[in-house]
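No sequence on hand, only this structure:
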(Lines give C-alpha, C1' and ligand atoms only; values in the text may rest on other atoms or scores of the structure.)
Protein backbone atom coordinates (compact mmCIF):
# COMPACT_ATOMS: atom_id res chain seq x y z
CA UNK A 1 0.00 0.00 0.00
CA UNK A 2 1.30 3.43 -0.84
CA UNK A 3 1.21 6.92 0.55
CA UNK A 4 1.44 8.41 -2.93
CA UNK A 5 -1.59 7.93 -5.15
CA UNK A 6 -1.28 8.76 -8.84
CA UNK A 7 -4.60 9.33 -10.57
CA UNK A 8 -3.84 10.79 -13.99
CA UNK A 9 -5.84 10.15 -17.17
CA UNK A 10 -2.78 8.91 -19.10
CA UNK A 11 -1.58 5.56 -17.72
CA UNK A 12 1.86 5.87 -19.39
CA UNK A 13 2.48 9.22 -17.70
CA UNK A 14 1.33 7.70 -14.39
CA UNK A 15 3.81 4.84 -14.76
CA UNK A 16 6.66 7.24 -15.64
CA UNK A 17 5.95 9.36 -12.58
CA UNK A 18 5.73 6.24 -10.43
CA UNK A 19 9.08 5.00 -11.78
CA UNK A 20 10.66 8.41 -11.17
CA UNK A 21 9.42 8.47 -7.60
CA UNK A 22 10.61 4.91 -7.07
CA UNK A 23 14.11 5.79 -8.28
CA UNK A 24 14.24 8.57 -5.67
CA UNK A 25 13.24 6.42 -2.71
CA UNK A 26 9.46 6.77 -2.83
CA UNK A 27 8.46 3.16 -3.36
CA UNK A 28 4.95 3.54 -2.09
CA UNK A 29 2.90 4.58 -5.09
CA UNK A 30 -0.53 3.39 -6.16
CA UNK A 31 -1.90 4.12 -9.62
CA UNK A 32 -5.65 4.67 -9.87
CA UNK A 33 -7.91 5.24 -12.84
CA UNK A 34 -10.65 7.32 -11.21
CA UNK A 35 -11.38 9.67 -8.35
CA UNK A 36 -13.47 7.06 -6.56
CA UNK A 37 -10.60 4.54 -6.80
CA UNK A 38 -8.24 7.13 -5.31
CA UNK A 39 -10.66 7.87 -2.47
CA UNK A 40 -11.00 4.15 -1.84
CA UNK A 41 -7.20 3.78 -1.60
CA UNK A 42 -7.07 6.73 0.81
CA UNK A 43 -9.42 4.94 3.20
CA UNK A 44 -6.64 2.38 3.77
CA UNK A 45 -3.99 5.02 4.53
CA UNK A 46 -3.31 7.49 7.29
CA UNK A 47 -1.83 10.30 5.18
CA UNK A 48 -0.27 10.98 1.80
CA UNK A 49 -0.29 12.80 -1.50
CA UNK A 50 -2.55 12.45 -4.53
CA UNK A 51 -1.05 13.38 -7.89
CA UNK A 52 -3.81 14.12 -10.37
CA UNK A 53 -4.93 16.25 -13.28
CA UNK A 54 -7.64 18.90 -13.51
CA UNK A 55 -10.39 16.28 -13.49
CA UNK A 56 -11.00 12.55 -13.06
CA UNK A 57 -12.96 10.21 -15.30
CA UNK A 58 -15.79 10.13 -12.75
CA UNK A 59 -15.65 13.54 -11.02
CA UNK A 60 -14.24 17.04 -11.11
CA UNK A 61 -11.23 18.01 -9.04
CA UNK A 62 -13.35 20.33 -6.88
CA UNK A 63 -15.66 17.41 -5.96
CA UNK A 64 -12.66 15.21 -5.22
CA UNK A 65 -11.15 17.89 -2.98
CA UNK A 66 -14.38 18.03 -0.97
CA UNK A 67 -14.08 14.31 -0.12
CA UNK A 68 -10.34 14.45 0.57
CA UNK A 69 -9.27 13.62 4.15
CA UNK A 70 -7.36 16.43 5.86
CA UNK A 71 -4.24 14.26 6.11
CA UNK A 72 -3.87 14.15 2.32
CA UNK A 73 -2.50 16.78 -0.03
CA UNK A 74 -3.19 17.17 -3.73
CA UNK A 75 -0.63 17.93 -6.41
CA UNK A 76 -2.47 18.79 -9.63
CA UNK A 77 -0.46 18.55 -12.85
CA UNK A 78 -2.39 20.59 -15.36
CA UNK A 79 -2.15 22.52 -18.59
CA UNK A 80 -1.83 26.23 -17.93
CA UNK A 81 -5.06 27.04 -19.75
CA UNK A 82 -6.99 24.79 -17.32
CA UNK A 83 -5.75 26.71 -14.28
CA UNK A 84 -9.28 27.93 -13.58
CA UNK A 85 -10.40 24.31 -12.93
CA UNK A 86 -8.12 23.90 -9.89
CA UNK A 87 -9.73 24.99 -6.62
CA UNK A 88 -7.88 27.45 -4.42
CA UNK A 89 -5.48 25.88 -1.93
CA UNK A 90 -4.40 23.00 -4.18
CA UNK A 91 -0.78 22.92 -5.23
CA UNK A 92 -0.31 22.73 -8.99
CA UNK A 93 2.44 22.22 -11.52
CA UNK A 94 1.96 23.21 -15.12
CA UNK A 95 2.45 20.53 -17.76
CA UNK A 96 4.90 19.79 -19.22
CA UNK A 97 7.00 19.78 -16.06
CA UNK A 98 10.29 18.23 -15.06
CA UNK A 99 10.40 15.00 -13.08
CA UNK A 100 12.66 16.75 -10.55
CA UNK A 101 9.91 19.33 -9.92
CA UNK A 102 7.40 16.56 -9.27
CA UNK A 103 9.78 14.70 -6.95
CA UNK A 104 10.70 17.85 -5.01
CA UNK A 105 7.06 18.90 -4.66
CA UNK A 106 5.94 15.43 -3.55
CA UNK A 107 8.79 15.38 -1.01
CA UNK A 108 7.68 18.72 0.39
CA UNK A 109 4.04 17.63 0.58
CA UNK A 110 4.92 14.35 2.27
CA UNK A 111 7.09 16.18 4.78
CA UNK A 112 4.08 18.34 5.62
CA UNK A 113 2.08 15.17 6.34
CA UNK A 114 4.90 13.71 8.45
CA UNK A 115 5.84 10.91 6.04
CA UNK A 116 9.51 10.39 5.27
CA UNK A 117 10.77 8.77 2.11
CA UNK A 118 12.30 5.33 2.43
CA UNK A 119 15.99 5.49 3.12
CA UNK A 120 18.21 3.95 0.51
CA UNK A 121 19.79 0.61 1.31
CA UNK A 122 23.27 2.03 1.81
CA UNK A 123 21.88 4.34 4.50
CA UNK A 124 20.46 1.37 6.39
CA UNK A 125 23.85 -0.20 7.06
CA UNK A 126 24.62 0.26 10.76
CA UNK A 127 27.71 2.26 11.59
CA UNK A 128 30.66 0.24 12.89
CA UNK A 129 31.43 0.39 16.58
CA UNK A 130 34.75 1.76 17.82
CA UNK A 131 35.94 -1.78 18.59
CA UNK A 132 35.13 -2.94 15.05
CA UNK A 133 36.91 0.06 13.51
CA UNK A 134 40.00 -0.56 15.67
CA UNK A 135 40.10 -4.27 14.74
CA UNK A 136 39.86 -3.46 11.03
CA UNK A 137 42.58 -0.81 11.39
CA UNK A 138 44.88 -3.27 13.23
CA UNK A 139 44.37 -5.83 10.45
CA UNK A 140 45.14 -3.15 7.82
CA UNK A 141 48.34 -2.13 9.63
CA UNK A 142 49.40 -5.77 9.87
CA UNK A 143 48.80 -6.33 6.14
CA UNK A 144 50.64 -3.09 5.32
CA UNK A 145 53.68 -4.14 7.38
CA UNK A 146 53.88 -7.81 6.41
CA UNK A 147 52.79 -7.63 2.77
CA UNK A 148 54.08 -4.17 1.89
CA UNK A 149 50.57 -2.93 0.96
CA UNK A 150 49.27 0.61 0.93
CA UNK A 151 46.33 1.42 3.20
CA UNK A 152 43.76 1.33 0.34
CA UNK A 153 45.19 -1.99 -0.86
CA UNK A 154 44.95 -3.48 2.64
CA UNK A 155 41.39 -2.23 3.05
CA UNK A 156 40.42 -3.61 -0.37
CA UNK A 157 42.04 -6.96 0.50
CA UNK A 158 40.00 -7.25 3.71
CA UNK A 159 36.88 -6.15 1.85
CA UNK A 160 37.39 -8.67 -0.97
CA UNK A 161 38.12 -11.55 1.41
CA UNK A 162 35.04 -10.56 3.38
CA UNK A 163 32.85 -10.63 0.28
CA UNK A 164 34.35 -13.88 -0.99
CA UNK A 165 33.81 -15.67 2.32
CA UNK A 166 30.39 -14.14 3.03
CA UNK A 167 31.45 -12.61 6.35
CA UNK A 168 31.51 -8.98 7.38
CA UNK A 169 34.72 -6.96 7.39
CA UNK A 170 35.04 -7.03 11.19
CA UNK A 171 34.96 -10.84 11.29
CA UNK A 172 37.45 -11.02 8.41
CA UNK A 173 39.78 -8.61 10.21
CA UNK A 174 39.56 -10.80 13.31
CA UNK A 175 40.49 -13.88 11.25
CA UNK A 176 43.48 -12.09 9.71
CA UNK A 177 44.71 -11.06 13.15
CA UNK A 178 44.24 -14.61 14.54
CA UNK A 179 46.05 -16.24 11.61
CA UNK A 180 49.13 -14.06 12.11
CA UNK A 181 49.44 -14.30 15.88
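Done, it's in. Keep in mind that what you see is a predicted model, and the values were worked out from it rather than measured.

In the chain, what residue spans correspond to strands?
4-7, 29-31, 48-52, 72-78, 91-94 (DSSP state E).

Name all residues that make contact with the closest residue to residue 60 other than its chain neighbours.
Leaving aside its chain neighbours, residue 60 sits nearest to residue 85 (7.4 Å; criterion: Cβ to Cβ, 6 or more residues apart in numbering). C-beta here means a position set from N, CA and C on the backbone, and glycine is covered the same way. Counting by Cβ atoms under 8 Å, 6 or more residues apart in numbering, residue 85 touches 54-55, 60-62, 78.

From the residues you listed, which land in helices?
61-62 (DSSP state H).

Please render the contacts of residue 85 as CSV that adds neighbour count and distance to residue 165 to the earlier fields.
As requested, the contacts of residue 85 are arranged in CSV below (neighbours: other Cβ atoms under 10 Å; distance: Cβ to Cβ, whole Å):
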residue, neighbour count, distance to residue 165
54, 20, 58
55, 19, 59
60, 14, 62
61, 22, 58
62, 14, 62
78, 21, 56
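
In TSV, list the strands of the chain along with distance to residue 14 and mean pLDDT.
Shown next, in TSV, are these (distance: least, Cβ to Cβ, whole Å; pLDDT from 0 to 100):
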stretch	distance to residue 14	mean pLDDT
strand 4-7	5	85
strand 29-31	5	81
strand 48-52	8	83
strand 72-78	10	82
strand 91-94	15	80
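
Show me the one of the ones you listed that comes nearest residue 148.
Across these, residue 148 has its closest neighbour in strand 29-31 (53.1 Å, Cβ to Cβ).

Any idea how far that closest one is from the middle of the chain?
From the chain centre to the centre of strand 29-31 is a distance of 14 Å (Cα atoms, centre = their mean, to the nearest Å).

cool, and stretch 136-143?
That offset, for stretch 136-143, works out to 36 Å (Cα atoms, centre = their mean).

So what touches that stretch?
With Cβ under 8 Å, 6+ apart as the criterion, stretch 136-143 contacts 128, 149, 151, 153-155, 157-158, 169-170, 172-174, 176-177, 180.

List the buried residues of it.
136, 139-140, 142-143 (16 or more other Cβ atoms under 10 Å).
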